[in-house]
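Enquirer: sequence below, structure please.
(2 chains)
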Protein chains: 2
Amino acid sequence: VIDFAALAAEDRCDPLASQRDEFLLPAGVVYLDGNSLGPLTRRAAERVGAVMLEQWGESLIRSWNEHGWIELPRRAGAKIARLIGAAPDEVVVADSTSANLFKVAAAALRARPDRRVIVSEAGNFPTDLYTLEGLLDLLGPGYELRRVEREQLGSALTSEVAALCLTHVDFRTGARHDLAGLTAAAHKVGALAIWDLAHSAGALPVELGAADADLAVGCGYKYLNGGPGAPAFVFAARRLQEELRCPLQGWLGHAAPFEFAGHYRPAPGIDRFQNGTPPILALAALDAALEVWDGLEMTVVRAKSMALTSRFVALVETECAGLGLCLASPRNPAGRGSQVSFAHPEAYAVMQALIARGVIGDFRAPDLLRFGFAPLYVGFEDVGRAVAALREVLATEEWRQEQWQRRATVT
Amino acid sequence: VIDFAALAAEDRCDPLASQRDEFLLPAGVVYLDGNSLGPLTRRAAERVGAVMLEQWGESLIRSWNEHGWIELPRRAGAKIARLIGAAPDEVVVADSTSANLFKVAAAALRARPDRRVIVSEAGNFPTDLYTLEGLLDLLGPGYELRRVEREQLGSALTSEVAALCLTHVDFRTGARHDLAGLTAAAHKVGALAIWDLAHSAGALPVELGAADADLAVGCGYKYLNGGPGAPAFVFAARRLQEELRCPLQGWLGHAAPFEFAGHYRPAPGIDRFQNGTPPILALAALDAALEVWDGLEMTVVRAKSMALTSRFVALVETECAGLGLCLASPRNPAGRGSQVSFAHPEAYAVMQALIARGVIGDFRAPDLLRFGFAPLYVGFEDVGRAVAALREVLATEEWRQEQWQRRATVT
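Expert: Numbering: from 1, shown residues only, chains lettered A, B, ... in the order given. Have a look, this model is predicted:
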């Protein structure tokens, strides 16, 4: 039986416990899907209302100056920089993660003009592979995406390779790569390393600067809680910025956007990775949600994250023993991000039944139950409630009910 | 002297007069900058509030299914389609105008693999030229952007040309191209025609279908009132869709986004021009603002637009005669979009002084006063008030005041 008193005691000692008040979570829900869509913050709700009614509504076009809309991509970027070990002028918010990956991969190929190979992991997040395929197809014959297994990454790095492109924390299992080690290995053969931090930013400390990282992209709507489809971010190391060319040359990446010059001159620094006009309502939500991180240290966030995921694994393995679950994430908490996945042959239906009980995780094909533990609003009692619900769903075979078998559009 | 009684009478006969109630315009403002940023609508304000608090806040990740977020790019696209003479399945909302232009220009080059030239107008909107430059630079030697003067467009169309890429309505002067004629001329040499409808969609009837148009992009935040940096749209003629490849291959352009397949398969139809996850708050604002157009006919909108701009030109030329203004837009209303520009050597300062009087237009370098007349919320009395203010600013040389001389970041 789950010792809820002990879990409650852990919540009382949690230095991050008060952060939960920042979030407008619905009553009765254990939200373990912040790695897919972070919840609404009070700050985002207030800010979006104000930007819409007072700024757009009242100041109209003048808001670009009066309310600093034009600075927002950099301001939000600087807030993210602190969470990923980067300098404030190394990160900017723009476009989607996919578009940003296209930009940095193209920039990397251009910075290594005698090389035409990008190495990635066969099991990388599919969109990243699609984006790289799209870029390389566009560039034509000779360009190649080499998809290798995790274990072969080291040996795949040869002098033909322009860039190594990986997702730091695996979206299925939560397994994390050695960012510093693989970056160094890429550098050793003269390649650049590109990191997708979708499941890392806000989930665990990322030390881009210490790792001498080159390029990275990441998502605004997972652990950063920027809202559905929030704009994404781009990181480029300062030492590389002046030599990099972004292939998406919208006006906001121009050195003098309001000059309306006939030819493109890239803006100095990271701004060259801006493109068209950013979606201000969405960007304002992200910028406001990032204020929640003010004064928080990622080491504290990480300590709680490891405690939460470890507690979850331990409780599931005792409470749900013999019920068909198999841990799909690294057992060592240091080897995973802030999520835990268990395989189950009926994972889709199990997750639907869990969601109906108010425990929201998600399903990842073919057979994964995925649970994200965002330390800013998930507590130890939540872990207990999630395990108790999972045990009920499995022990009573609740998932066999017909309504949990129907697949929805979005899984 | 301006006959305000006559103008008020015209407003009383205006079949679109009641549309103004859809807009939350600040009191005392004559807003003639909807061609830069359309104003907030009641519908957008309500919808964004509901999407944020009730959908994101309460339903969280489930909103993708429960609240149809996944359908929103197509739903909004279908609403825009009606305004630009396209079929509902020929338009989708995605990314920014710049990113979309990159996509369709790359797709056009790929559809004409033996051709490497894109023709555009030397005075095209600079971002469009930057975007084309960025694409052609990425593709490498042999690819060429030919910038020609307006009058040379016809003769620039040769068998080397893959695509003709133009902005339908000029952002400076409002002069409009013959979309059908130039599309036919492009087709005659085997080229595709790409139209930027930034200053057209919602401003005047665009008959993409009747013109046998190939590809188009456009802006959500000008005459469509989608909000600052609203997502943009892409049009691709149905007859071409299956052969076109979008180079930005994000998951939402995949045939089965939730399959998480390892290789990209383009979605059937226009959906292949989707890319990453769209910014739902911004997209919801656009989708709601598009409801304002329900039941409106673009021919009625156009008739009022021509009456407004003609009245403005006539009044300026009588009331401000001898005050240094020179009409920079086509005199024939049929030859221009829904804007009027006047040149003045001190245009920047003049516009600042006008804005301080509550008449908001904008300045376009080097010397243009630009006034947009969005027929859904601008009336005939507004025209009179704008002209009266302009006369005052010029006649009293109010623009000489020091505070109107300082250039702001965003002009």
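Enquirer: got the contact list for the residue in the stretch 151-300 of chain A positioned nearest to chain B?
Expert: Closest residue of the stretch 151-300 of chain A to chain B, CB to the nearest CB: A:Gly276 (2.8 Å). Placement of C-beta: from N, CA and C, glycine included. Listed by CB atoms under 8 Å, 6 or more residues apart in numbering or on different chains, the contact set of A:Gly276 reads A:95, A:250-252, B:95-99, B:127, B:229, B:232.
Enquirer: from the chain's centre, how far out does the strand ranked longest in chain A sit?
Expert: Selection of the longest strand in chain A by residue count, based on DSSP state E, yields strand A:161-167. Strand A:161-167 sits 18 Å away from the centroid of its parent chain (CA atoms, centre = their mean, to the nearest Å).
Enquirer: so the residue of the stretch 151-300 of chain A closest to chain B sits in a strand?
Expert: No. Secondary structure of A:Gly276 (DSSP: H, G, I helix; E, B strand; the rest coil): coil, not part of a strand.
Enquirer: can you name the element that comes right after the longest helix anywhere in chain A?
Expert: As assigned by DSSP state H, the longest helix anywhere in chain A is helix A:298-319. Once helix A:298-319 ends, the next helix or strand along the chain (criterion: DSSP states H and E) is strand A:326-327.
Enquirer: can you pull the contacts of A:Leu138?
Expert: Counting by CB under 8 Å, 6+ apart, A:Leu138 has contacts B:106, B:110, B:138-139, B:247.
Enquirer: restricted to helices, list the residues you listed.
Expert: Using DSSP H, these in helices are B:106, B:110, B:138-139.
Enquirer: tell me the one of those residues nearest chain A?
Expert: B:Leu138 (4.3 Å).
Enquirer: quick one: classify A:Ala216 as helix, strand or coil.
Expert: A:Ala216 is classified as strand under three-state DSSP.
Enquirer: surely it and A:Leu208 touch.
Expert: Yes. Here A:Ala216 reaches A:Leu208: they are 6.2 Å apart, a contact under CB atoms under 8 Å.
Enquirer: next, show the common contact partners of these two.
Expert: A:84, A:195, A:235.
Enquirer: including secondary structure, could those go into JSON lines?
Expert: What follows is the shared contacts of A:Ala216 and A:Leu208, written out as JSON lines (three-state DSSP):
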{"residue": "A:Ile84", "secondary structure": "coil"}
{"residue": "A:Trp195", "secondary structure": "strand"}
{"residue": "A:Phe235", "secondary structure": "strand"}
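Enquirer: among these, who's most crowded?
Expert: A:Phe235 (31 neighbours; other CB atoms under 10 Å in any protein chain shown).
Enquirer: isn't that one up against A:Val206?
Expert: No. Distance between A:Phe235 and A:Val206: 9.4 Å, which falls outside the contact criterion (CB under 8 Å).
Enquirer: any residues in contact with both of those two?
Expert: Joint contacts of A:Phe235 and A:Val206 (CB under 8 Å, 6+ apart) are A:84, A:197.
Enquirer: hmm, back to that, among the contacts of A:Gly276, which lie within helices?
Expert: Per DSSP H, the contacts of A:Gly276 map to helices at B:97-99, B:127.
Enquirer: by neighbours, which of the residues you listed wins?
Expert: B:Thr97 (30 neighbours).
Enquirer: which residues does that one contact?
Expert: A:276-277, B:127, B:196, B:198, B:217-219, B:232.
Enquirer: tell me where the stretch 1-150 of chain A has helices.
Expert: Using DSSP state H, counting those that start in this stretch, the helices found in the stretch 1-150 of chain A span residues A:4-13, A:42-50, A:63-66, A:72-83, A:97-111, A:126-139.
Enquirer: farthest-apart pair in the ones in helices among the contacts of A:Gly276, please.
Expert: For these, the farthest-apart pair by CB to CB is B:Ala99 and B:Thr127; their separation is 10.8 Å.
Enquirer: quickly list what's touching both of those two.
Expert: Residues touching both B:Ala99 and B:Thr127 by CB under 8 Å, 6+ apart: A:250, A:276.
Enquirer: host element of the residue nearest in space to the middle of chain A?
Expert: Nearest to the mean C-alpha position of chain A, counting by CA atoms, centre = their mean, stands A:Ala198 at 2.1 Å. Following DSSP H and E, there is no helix or strand that holds A:Ala198.
Enquirer: from what I can see it touches A:Ala216, true?
Expert: No. At 10.2 Å, A:Ala198 does not count as touching A:Ala216 under the criterion of CB under 8 Å.
Enquirer: of A:Ala216 and A:Leu208, who's got more company?
Expert: A:Ala216 (29 against 25).
Enquirer: so who does that one touch?
Expert: A:Ala216 touches A:84, A:104, A:194-197, A:208, A:234-235, counting by CB under 8 Å, 6+ apart.
Enquirer: near chain B, which of those residues show up?
Expert: Near chain B, judged by CB under 8 Å from any CB of the partner chain, there are no entries from the contacts of A:Ala216.
Enquirer: that older thread, columns distance to B:Leu368 and pLDDT on top of the contacts of A:Leu138, output as JSON lines?
Expert: As requested, these are exported to JSON lines (distance: CB to CB, whole Å; pLDDT from 0 to 100):
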{"residue": "B:Ala106", "distance to B:Leu368": "32", "pLDDT": "98"}
{"residue": "B:Arg110", "distance to B:Leu368": "37", "pLDDT": "97"}
{"residue": "B:Leu138", "distance to B:Leu368": "33", "pLDDT": "97"}
{"residue": "B:Leu139", "distance to B:Leu368": "34", "pLDDT": "97"}
{"residue": "B:Pro247", "distance to B:Leu368": "35", "pLDDT": "98"}
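Enquirer: ok, back up a step: residues contacting the residue lying closest to the residue nearest to the centre of chain A once chain neighbours are set aside?
Expert: By the measure of CB to CB, 6 or more residues apart in numbering or on different chains, the closest residue to A:Ala198 outside its immediate chain neighbours is A:Cys219, 4.1 Å from it. A:Cys219 makes contact with A:97, A:197-198, A:201, A:230, A:232 under the criterion CB under 8 Å, 6+ apart.
Enquirer: if you set the cut-off to 7 Å instead, what comes out?
Expert: The contact partners of A:Cys219, by CB atoms under 7 Å, 6 or more residues apart in numbering or on different chains, come to A:97, A:198, A:232.
Enquirer: how about those residues in CSV, adding pLDDT and distance to A:Val30?
Expert: What follows is those, written out as CSV (pLDDT from 0 to 100; distance: CB to CB, whole Å):
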residue, pLDDT, distance to A:Val30
A:Thr97, 98, 27
A:Ala198, 98, 23
A:Ala232, 98, 27
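Enquirer: and the gap between the residue nearest to A:Thr277 when sequence neighbours are not counted and A:Phe235?
Expert: Distances taken as CB to CB, 6+ apart put B:Gly229 closest to A:Thr277, at 4.2 Å, once the chain neighbours are dropped. From B:Gly229 across to A:Phe235, the span is 22 Å (CB to CB, to the nearest Å).
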